[in-house]
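# Show me how the following folds:
(chains A and B)
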Amino acid sequence: MSDRHSGRMNGHAIVHRILIDPTLGVLALLVIFAVGAAILLPVFYAGNNLLNLVGSSITVMILAIGVTVVLISGGIDLSVGAVMALSAGAAATSMRLGLPVFAAFGAAILVGILAGVVNGLLVTRVGLPDFIATLATLGFASGVLYIWTQGVPIIGYMTPEFRLVGGLQPVFGQVTLPMIIALALALIVGWVLSSTSLGTRYFAVGSNPVAARQSGIRVRWVKTQAYMLSGTCAAIAGIILAGRNNNVPADLGTGYEIQAISAAIIGGASLMGGRGRVLGAVLGAITLALAINIINLVGVPSSFQKIVIGAILLLAVFANFVSDRVRSAALRRRATHFSSNVA
Amino acid sequence: MFNRTTATTEGRFGAWRRLSTAAVIGAAAIALAGCTTVSPSVEGASGGSGGSDCGSAETQAAITAAVAGRTIKIGYTPPILSEFYTQVEKSAHNRMQQLEECYGIKWEWSRQGALNDAHSGVEAVGIVENFISNGFDAVFVCSAAPHATMQEIYAQGSAEGVDFYQFNSTEELENPSQADDPTGGLHTISNIGYDDRWQSGYIAGQYLAKLLKGEGQIVQILGPSGSDWTKLRQQGFEAAIAEFPGMQIVGSADGGYVRDKGLTAAQDLLTKFPEISAIYGENEDMALGASQAIDLAGLKHWDGSEGIITIGADGLISGMDSIREGQLTATVDVNSVQMGITMIDTLFQHEVLGMSVAQFIRIPTTVVDKANVDWAEGLIADAMAGPGSY
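Numbers count the residues shown, from 1 in each chain, chains lettered A, B, ... in the order given. Okay, here's the model as predicted:
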């Protein structure tokens, strides 16, 4: 009897844990898509389709990892697309000037970090709302790239190394370097968030900045660090996209911020701060790429693409809403139980 | 083979010479087509301070007197600041400088393109209204904003003395008729461009049919749904393919007019249709993305007898090397250089010389492949190396 009871309790605990997991929504969607595709679309598993799908999601995935950290710390970064494009421009131009490939990549990363610092200073020192500050950086970064390129794409910078970084040449089998970079980045940032004091500070600042400040956390510095991390991710994405694209047009980053934020939200990050997971961002980016892949394979008119992505976003947010309610109910039960015990 | 570096180092005069040749070729083509866009003596202009290039001394003096040192303030509103619109702008600037050197006309030029969503046209509305309120003499507009919205703004602006010229636009979608109305129902002075159906989509389809001898499966990579350019080019392309019962369009996907999405769309289509003979990218960037997808899939590009054909449309200088190297089989060059020249000629004729200009001016387009890539690239490279800058 007691075994059955403890088994039921364990089962209940597992279901409960799944329900409060912020990646619940995106996981459910991925399972539904994968099963649906297996039944209705045999070509989905043909050839290199799955690897192509992952390859096409890498840029948004890396951006979404950075955006997730900013969302956890209570901000929002609208500048990631423009910063990505500007970093790509910095790398491509450096290559054209004859700099070694690692110096070119270093220049791109520097641009990304600087953009993060600017965002952080505008938010924490000037006091601008995150939305406005990063929107200003978006405009500034895209404007600089337009002036720099005069609207003419940067070409003629491709080298074998750049082809490798762009994923145009596999490292082994069908695995490309961008896939390895994205995996490494996800593991590192995921570890920072879950297992370090810095990660705890991001969550604390995003959940309640006043309480975090009173606990001795340097809120301004933590938020600036989050933007710097997002800028670095944007720069890495920019280097990869410059390699994949073979050219850097002035409008390279247009629309990527929306995709990155969507991927982060689908992955369980909250616009209210204090919540999100790197795994969710990764799965969110793959879900977006998967939706487009299925649309293309089925042959659905492209006009439906935005509707499908909107629907996915709604479903994921609904799943997060359910998860929030379950978590709140659990906290209330725990509080009631605690107060009755005290009484 | 055309050498882009040599063209640049030859300096202004070499560039002028080629540009003038291009202008003459274009002007002759337009004149032959029955259009009235060529101003007296302008077609022979090749820069320099006066002289025979600006017409005879008497004609030059007469036109200079008509100009009377006037300054014309122009707004330039492309849907986005891209390579294509930069080529158009540079070509226009070269022509403006020629006219300035010949006839003493002064120009003020302001460029303002959408920075965020080029395909909604929302930003274009604000930009054009801004040009009107700032008292510009003339505005060149290419916008994805709804036809009726823009015509309403043009009507208001015209009442305030601003003249509107559309370029690279899609007026053919509205089927304007001049049977009973000389303006075709528009509030523009002129519309300078090409017919997206028959001068872009259709000739791309015909070219494919010729290479494939009327047999084969094709996939399309289209621009954003709802785009007028997409609708029209697709209409023309499908009309051309429909003439060949052995050819079929088996699939299509959205490439968003950008290379990365074009690559992804082509990868998906190649997964579903591995036996295709050709990929039609409705613009050049998407076609170049498709070319990369062919490489990544380990498939063969068209070599003149077998492989997958990729064809795009635009005529970008950055795509010409890909044609030469066989990565891109062909592109429809919609003649950015001639478009820029014609825009300025038309404006000069109307604003300065008081001529009546055609409401619809069609510039020539051509399919560029390995056979003609040298001169096609040369004309664009010369324009880009030209001295015009405003």
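
# Report the beta-bridge partners for the residue of chain B at minimum distance from chain A.
Closest to chain A within chain B is B:Asp254: 3.1 Å, counting by C-beta to the nearest C-beta. In short, each C-beta sits where N, CA and C put it, glycine included. Here B:Asp254 sits in beta bridges with B:Leu222, going by DSSP bridges.

# go on, A:Val248?
In beta-bridge terms (that is, DSSP bridges), A:Val248 pairs with A:Ile154.

# pLDDT score assigned to it?
Looking at A:Val248, its pLDDT stands at 93.

# ok, now which ones touch it?
Contacts here follow C-beta atoms under 8 Å, 6 or more residues apart in numbering or on different chains; on that basis A:Val248 touches A:Ala85, A:Ala88, A:Gly89, A:Ala92, A:Thr149, A:Pro153, A:Ile154, A:Ile155, A:Tyr157, A:Ala242.

# rerun that using 10 Å as the cut-off
A:85-93, A:145, A:148-149, A:153-155, A:157, A:238, A:241-242 (C-beta atoms under 10 Å, 6 or more residues apart in numbering or on different chains).

# can you give me the helices in the chain?
As the question left the chain open, I've gone with chain A. A:2-20, A:24-40, A:49-72, A:80-96, A:101-121, A:130-149, A:160-165, A:177-195, A:197-207, A:209-214, A:219-245, A:256-266, A:278-298, A:305-342 (DSSP state H).

# wait, chain B
B:4-9, B:11-32, B:57-67, B:83-103, B:122-133, B:147-159, B:202-212, B:228-242, B:259-272, B:284-296, B:317-324, B:336-347, B:373-385.

# angle of the fourth one against helix B:57-67?
I take that to be helix B:83-103. Using axes from the mean of the first three to the mean of the last three C-alpha atoms, to 10 degrees, the direction of helix B:83-103 lies 110 degrees away from that of helix B:57-67.

# in helix B:83-103, what counts as buried?
Neighbour counts over helix B:83-103 (16 or more other C-beta atoms under 10 Å in any protein chain shown) mark B:83-103 as buried.

# which one is the residue of chain A found nearest chain B nearest to, not counting chain neighbours?
Among all residues of chain A, A:Ser302 sits closest to chain B, at 3.1 Å; criterion: C-beta to the nearest C-beta. The spatial neighbour of A:Ser302 that comes closest, neighbours along the chain excluded (C-beta to C-beta, 6 or more residues apart in numbering or on different chains), is B:Asp254 at 3.1 Å.

# got a pLDDT number for B:Cys35?
38.

# Repeat that for the one 4 residues further on.
Per-residue pLDDT puts B:Ser39 at 47.

# need the helices of chain A in a markdown table with distance to chain B, mean neighbour count and mean pLDDT, can you?
Below are the helices of chain A laid out as a markdown table (distance: least, C-beta to the nearest C-beta, whole Å; neighbours: other C-beta atoms under 10 Å in any protein chain shown; pLDDT from 0 to 100):
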| stretch | distance to chain B | mean neighbour count | mean pLDDT |
| --- | --- | --- | --- |
| helix A:2-20 | 32 | 11 | 62 |
| helix A:24-40 | 12 | 16 | 81 |
| helix A:49-72 | 4 | 28 | 95 |
| helix A:80-96 | 9 | 28 | 97 |
| helix A:101-121 | 17 | 21 | 97 |
| helix A:130-149 | 5 | 19 | 93 |
| helix A:160-165 | 10 | 18 | 92 |
| helix A:177-195 | 12 | 17 | 97 |
| helix A:197-207 | 28 | 19 | 95 |
| helix A:209-214 | 31 | 14 | 94 |
| helix A:219-245 | 5 | 27 | 97 |
| helix A:256-266 | 10 | 26 | 93 |
| helix A:278-298 | 4 | 25 | 91 |
| helix A:305-342 | 6 | 14 | 78 |
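
# Ok, which of the ones you listed comes nearest B:Gly304?
helix A:160-165 (26.1 Å; C-beta to C-beta).

# what's the distance between that closest one and the middle of its chain?
How far helix A:160-165 lies from its chain's middle: 24 Å, per C-alpha atoms, centre = their mean, to the nearest Å.

# what's the span of stretch B:295-314 from first residue to last?
Terminal residues of stretch B:295-314 are spaced 22 Å apart (C-alpha to C-alpha, to the nearest Å).

# same deal with stretch B:348-359?
Start-to-end span of stretch B:348-359 (C-alpha to C-alpha) is 15 Å.

# quick one, what contacts B:Ser158?
B:Ile132, B:Phe164, B:His187, B:Thr188, B:Ile189.

# roughly how far apart are B:Tyr207 and B:Thr310?
Distance, B:Tyr207 to B:Thr310, by C-beta to C-beta, to the nearest Å: 12 Å.

# Report the set of residues contacting both of those two.
B:Ala278, B:Tyr280, B:Thr329, B:Ala330, B:Thr331.

# now those residues: which count as buried?
Applying 16+ other C-beta under 10 Å to the shared contacts of B:Tyr207 and B:Thr310 flags B:Ala278, B:Tyr280, B:Thr329, B:Ala330, B:Thr331 as buried.

# Run through the residues that contact the last one.
Read it as B:Thr331. B:204, B:207, B:281, B:283-284, B:287-288, B:310-316, B:319-320, B:322-323, B:366-369, B:373, B:376.

# Tell me how far the residue nearest to B:Asn335 when sequence neighbours are not counted lies from A:Thr59.
Closest residue in space to B:Asn335, ignoring its immediate chain neighbours: B:Ile363 at 5.1 Å, by C-beta to C-beta, 6+ apart. From B:Ile363 across to A:Thr59, the span is 37 Å (C-beta to C-beta).

# same for chain A: which of the buried residues of helix B:83-103 are within range?
B:Glu83, B:Phe84, B:Tyr85, B:Thr86, B:Gln87, B:Glu89, B:Lys90 (C-beta under 10 Å from any C-beta of the partner chain).

# could I get these as a markdown table with pLDDT?
Listed next are those as a markdown table, based on pLDDT from 0 to 100:
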| residue | pLDDT |
| --- | --- |
| B:Glu83 | 86 |
| B:Phe84 | 91 |
| B:Tyr85 | 91 |
| B:Thr86 | 90 |
| B:Gln87 | 93 |
| B:Glu89 | 96 |
| B:Lys90 | 95 |
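
# Would you confirm that the residue of chain B closest to chain A contacts B:Leu269?
No: in this structure B:Asp254 lies outside contact range of B:Leu269 using C-beta atoms under 10 Å: 11.0 Å.

# Between these two, which contacts overlap?
Common neighbours of B:Asp254 and B:Leu269, counting by C-beta under 10 Å, 6+ apart, are A:Asn296, B:Ile221.

# Chain B - how does it break down into domains?
For chain B, automatic domain parsing gives the domain ranges B:22-68, B:70-194+B:338-384, B:198-333.
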